[in-house]
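Enquirer: 3D, please:
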Amino acid sequence: MSKTITPFQNSWEHLAAELAHLDLLLRREVLRWRRGLPKQSQDIFKTVYITDDEIDQLLGDTSNATSADYSQLEVIESAVAANRAEIERRKEASLKQGIYLSLPQLTKLFRLMPGEEQIVMICFAPEFELKYERVYAYLQDDISRRRVSVDLILRLLCSSIEERIQFRTFLSPQSILFSTQVLRYHDTDEQHLPARTIKLDDQISNFLLGLGSTDNEIANCARIFNPEDAKPALDMPDERRSRLSEITVNHFQGQPQSKLIFHLHGREGLGKKSLAAGICDQLRVLMLVVDVRELLERSQQVETTLRKIFRESILRPAAIYLDHFDKLLEDEARSNSILRALVNCIDDFSWLTFIGTEKAWEPAGIFQQHRFFTVELPLPDVSARAELWRVMAEWRGINLDASSCAELAAKFRLNPGQMRSALITARDQAHLRGDESNITIGDVYTGCRAQSNQRLGKLSRKLKPSFTWSDIVLPANSMTQLYEICGQMQHRQIVYGSWGFGEKHSLGLGLCVLLFGPSGTGKTMAVEIMANELQLDVYKIDLSTVVSKYIGETEKNLNRLFNEAETSNAILFFDEADALFGKRSEVKDAHDRYANIEINYLLQRMEEFQGLAILATNQRKNIDEAFFRRMHFAVEFPFPDQADRLAIWKHHFPASAPVSNDIDFNFLAGQFNVAGGNIKNIVVNAAFLAAANSGVISMRQLVQATRREFQKIGRLCTDADFAPYHTVPFESNVNMNDGHPVA
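Expert: Residues are numbered from 1 along each chain as shown. Take a look at the predicted model:
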């Protein structure tokens with residue numbers, strides 16, 4: 001009648017049995033070792049810190065056997081063989097029933113031999129219970145050697161020369177145990193192999209005990225991706241993801257020898273990790289995201305840490321996603337050795353690897369032994385962005401109608417990651433307002449603007465729009481053009497998306513506008529008004545930070561400028577544009593040639609730019625004709641006529657300002673042929689004069705302020721110019737007392 005085999009119910013029950021078996025091996029070795037001691041040595045040995053009695057107690061030997069009593073040795077030899085066979089039978093029964101056991105799983109993952117599995121247990125024992133340190137020190141006759149040595153492992157597991165030779169290969173630096181860093185030597189390589197001590201890797205110990213903690217060295221730069229971070233992208237139908245999942249499933253049918261690598265490239269936030277996570281989700285595996293940038297900065301031994309990370313992917317198990325891989329490629333000298341290490345890691349561990357970069361990258365045969373696919377993730381078009389806004393808003397519980405989604409998609413070239421952040425910011429804005437349940441479209445706009453790339457501020461100055469349509473005075477034709485500019489920005493989704501015009505054109509999808517006219521006619525004001533209307537940030541370009549005397553530097557700065565602007569979803573405002581967009585000159589020397597190269601580069605980038613770029617100049621004739629042909633709008637800001645000046649004069653007085661009834665607006669508008677900028681200066685200066693004296697803005701202060709403005713701009717004026725108000729006495733904004741100004 002066959003004996004019923006009781007399977008192990010869990011990993012701990014199996015490990016306890018393995019540790020009990022190790023106790024038998026150690027008791028056997030203690031008896032062997034004592035028998036080999038000379039008689040006189042036995043008394044000497046009893047004076048060391050670890051006594052025979054202590055070892056017998058630690059190993060559960062209550063027989064009080066002396067060094068001369070060897071009757072137990074044969075009994076233990078038989079018990080070792082029987083116990084090993086019993087463990088193997090119970091282990092097999094557990095695995096047949098689908099019971100998870102961590103040690104057999106480790107053996108399966110790293111394809112270990114039975115002898116290698118036993119070596120792991122011997123090294124694991126001190127990580128679990130400190131008594132094994134004292135036993136190992138006792139058997140190595142050195143109280144300071146608490147870790148197991150190669151020699152002791154061979155003594156415990158080998159009974160013949162042939163077995164010792166075989167087990168030495170398990171313990172060599174080239175073996176699977178050491179190449180995978182399951183084990184590592186605890187001392188230097190100056191010692192002979194039998195004398196070297198071994199330590200089990202901490203993460204392997206945690207794996208055996210069922211602890212999910214990650215090694216600190218790995219945790220600094222790697223984490224398991226949370227599928228919730230990819231919501232709602234994982235719930236959306238995606239033909240590309242389905243196709244890549246199909247490729248993955250087909251590849252791994254039949255256990256292929258080659259590994260599978262997907263290179264995903266596109267700007268940050270376009271969903272590269274979400275795409276990879278979607279594939280892993282369909283395969284029902286985890287994804288370990290490795291921040292290569294953090295790895296290079298934090299790790300002292302990048303290649304060693306990289307192997308640990310890839311080994312972690314085997315233990316989980318998980319696919320590997322290498323994020324910010326571009327950082328590695330910046331340093332060619334350093335990247336070559338790390339790339340070789342990466343290839344070895346993929347060869348040894350990874351079955352599915354994702355490489356994420358912002359720019360396109362050609363590995364040049366590095367992965368020629370494996371299947372390598374490159375997938376580009378472009379910025380979603382207007383229609384796709386509108387749909388993303390709808391889905392993401394719905395997922396966040398925010399009510400956005402179709403027109404709002406279309407408007408957001410047209411105005412903001414945000415990627416999915418930025419959309420998610422914008423909606424979070426919108427929710428926070430509503431919460432700050434005390435009305436979290438009512439998130440408005442204005443809150444969403446605030447969130448969208450918050451995603452603007454702040455690095456653009458290094459090359460420009462952000463304007464704070466404060467003007468509206470009622471603040472500007474222009475001829476009807478110019479006003480109509482400004483309305484049309486805003487209309488084109490607001491209806492891009494319909495024209496380029498729904499109507500398909502975007503598919504017909506690869507360039508010129510942005511909007512380039514030229515505002516030209518004399519200084520002070522309202523060009524900057526118009527830019528602020530359009531920014532307010534479109535609810536977009538506007539950046540005024542600081543030409544001093546862009547234009548460089550060094551060859552090639554201007555182009556680099558311009559490239560940075562346009563790249564940042566496209567990610568910032570902001571209006572680019574080039575004031576005094578003729579300084580940068582001036583006419584190309586005849587090439588007479590190297591300076592002329594490179595100056596023309598800069599202009600040609602600008603032409604190219606302006607055509608590629610998909611946002612709103614506004615150029616302002618006082619001299620239309622100074623703009624190169626090639627730029628002018630690429631302008632979608634050229635809006636003239638003429639010098640105001642008398643009727644316009646009258647409106648401007650009246651408009652500059654706030655309703656709350658104390659204004660006298662004696663102000664003759666018709667006289668001011670008809671007599672003084674000045675632009676709106678000059679009128680603003682006059683009115684403000686007159687207000688200060690009034691504040692320091694009468695407290696009411698009257699004709700007296702306006703006449704005085706006008707005199708000052710004419711002096712400033714170098715324009716001659718006589719009393720006749722101010723008749724009949726030329727007799728208005730002089731007024732100052734300070735009182736004089738003994739020649740000193742007083743309040």
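
Enquirer: pull out the buried positions in stretch 352-372.
Expert: 352-357, 366-367, 370, 372 (16 or more other Cβ atoms under 10 Å). C-betas here are computed from N, CA, C, even on glycine.

Enquirer: and for the nearest residue in space to residue 537 that is not next to it in sequence, the neighbour number?
Expert: In this structure, residue 537 finds its nearest non-sequential neighbour in residue 570, 4.3 Å apart by Cβ to Cβ, 6 or more residues apart in numbering. Residue 570 has 23 neighbours, counted by other Cβ atoms under 10 Å.

Enquirer: pLDDT value on residue 22, please?
Expert: For residue 22, the pLDDT comes out at 92.

Enquirer: please read the previous query as pertaining to residue 602.
Expert: In the predicted model, residue 602 carries a pLDDT score of 76.

Enquirer: pull the number of nearby residues for it.
Expert: 20.

Enquirer: could you say which helix or strand holds it?
Expert: For residue 602, the host element (DSSP states H and E) is helix 590-608.

Enquirer: C-terminal to that helix, what's the next element?
Expert: strand 612-617.

Enquirer: contacts for that following strand, please.
Expert: The list of residues contacting strand 612-617 from outside it, by Cβ atoms under 8 Å, 6 or more residues apart in numbering, reads 485, 489, 510-516, 523-524, 527, 530, 534, 536, 565, 571-578, 581, 606, 623, 627, 631.

Enquirer: can you do 7 Å?
Expert: 489, 510-516, 523-524, 527, 571-578, 581, 606, 623 (Cβ atoms under 7 Å, 6 or more residues apart in numbering).

Enquirer: which ones among those residues map onto helices?
Expert: Using DSSP state H, the members of these that fall in helices are 489, 523-524, 527, 606.

Enquirer: in TSV: those residues, plus pLDDT and neighbour count.
Expert: As requested, the ones in helices among the contacts of strand 612-617 are exported to TSV (pLDDT from 0 to 100; neighbours: other Cβ atoms under 10 Å):
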residue	pLDDT	neighbour count
489	87	20
523	94	23
524	93	19
527	96	24
606	79	23
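
Enquirer: ok, so of these, who is nearest residue 176?
Expert: Comparing the ones in helices among the contacts of strand 612-617 against residue 176 with Cβ to Cβ places residue 606 closest, at 58.9 Å.

Enquirer: tell me the buried residues in stretch 191-206?
Expert: Here stretch 191-206 shows 196-201, 203-206 as buried, counting by 16+ other Cβ under 10 Å.

Enquirer: endpoints of that stretch, how far apart?
Expert: 29 Å (Cα to Cα, to the nearest Å).

Enquirer: what does that stretch contact?
Expert: 120, 123-124, 127, 145, 147-151, 168, 171, 181-187, 213, 215, 312.

Enquirer: what do you get for stretch 467-486?
Expert: 511, 513, 522, 525-526, 528-530, 532-534, 633, 635-638, 640, 644, 647-648, 651, 676.

Enquirer: just the buried residues out of those residues, in PyMOL syntax.
Expert: Buried members of the contacts of stretch 467-486, defined by 16+ other Cβ under 10 Å, are picked up in PyMOL with:
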select buried, resi 511+513+522+525+526+528+529+530+532+533+534+635+637+640+644+647+648+651+676
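
Enquirer: I'd like to know which of the contacts of stretch 467-486 are part of strands.
Expert: Using DSSP state E, the subset of the contacts of stretch 467-486 located in strands is 511, 513, 633, 635-636.

Enquirer: among the buried residues of stretch 191-206, which lie within helices?
Expert: Per DSSP H, the buried residues of stretch 191-206 map to helices at 203-206.

Enquirer: which one among these gets closest to residue 450?
Expert: For those, the nearest to residue 450 is residue 203 (39.7 Å; Cβ to Cβ).

Enquirer: per-residue confidence for the closest one?
Expert: Value for residue 203, per-residue pLDDT: 88.

Enquirer: that one and residue 523: what is the separation?
Expert: Between residue 203 and residue 523 the computed distance is 64 Å (Cβ to Cβ, to the nearest Å).

Enquirer: name the residues of stretch 467-475 that are buried.
Expert: 467, 471-474.

Enquirer: from those, which land in strands?
Expert: Among these, no member lies in strands (by DSSP E).

Enquirer: and for residue 190, the neighbour number?
Expert: 7.

Enquirer: surely it is within a helix?
Expert: No - counting by DSSP: H, G, I helix; E, B strand; the rest coil, residue 190 is not part of a helix but coil.

Enquirer: now do stretch 310-321: distance to the chain's middle.
Expert: 21 Å (Cα atoms, centre = their mean, to the nearest Å).

Enquirer: my bad, stretch 620-636
Expert: 39 Å.

Enquirer: how about it: buried residues?
Expert: For stretch 620-636, using 16+ other Cβ under 10 Å, the buried residues are 623-624, 627-628, 630-631, 635.

Enquirer: hmm, back to that, the residue nearest to residue 537 contacts residue 536, correct?
Expert: Yes - between residue 570 and residue 536 there is a contact under Cβ atoms under 7 Å: 6.2 Å.

Enquirer: hey, what's in contact with both of these two?
Expert: Residues touching both residue 570 and residue 536 by Cβ under 7 Å, 6+ apart: none at all.

Enquirer: find the centremost residue of the protein, please.
Expert: Nearest to the mean C-alpha position of the chain, counting by Cα atoms, centre = their mean, stands residue 268 at 6.4 Å.

Enquirer: give the contact list for it.
Expert: Contacts of residue 268 (Cβ under 7 Å, 6+ apart): 358, 417.

Enquirer: rerun at 10 Å
Expert: Listed by Cβ atoms under 10 Å, 6 or more residues apart in numbering, the contact set of residue 268 reads 323-324, 356, 358, 415, 417-418, 567.
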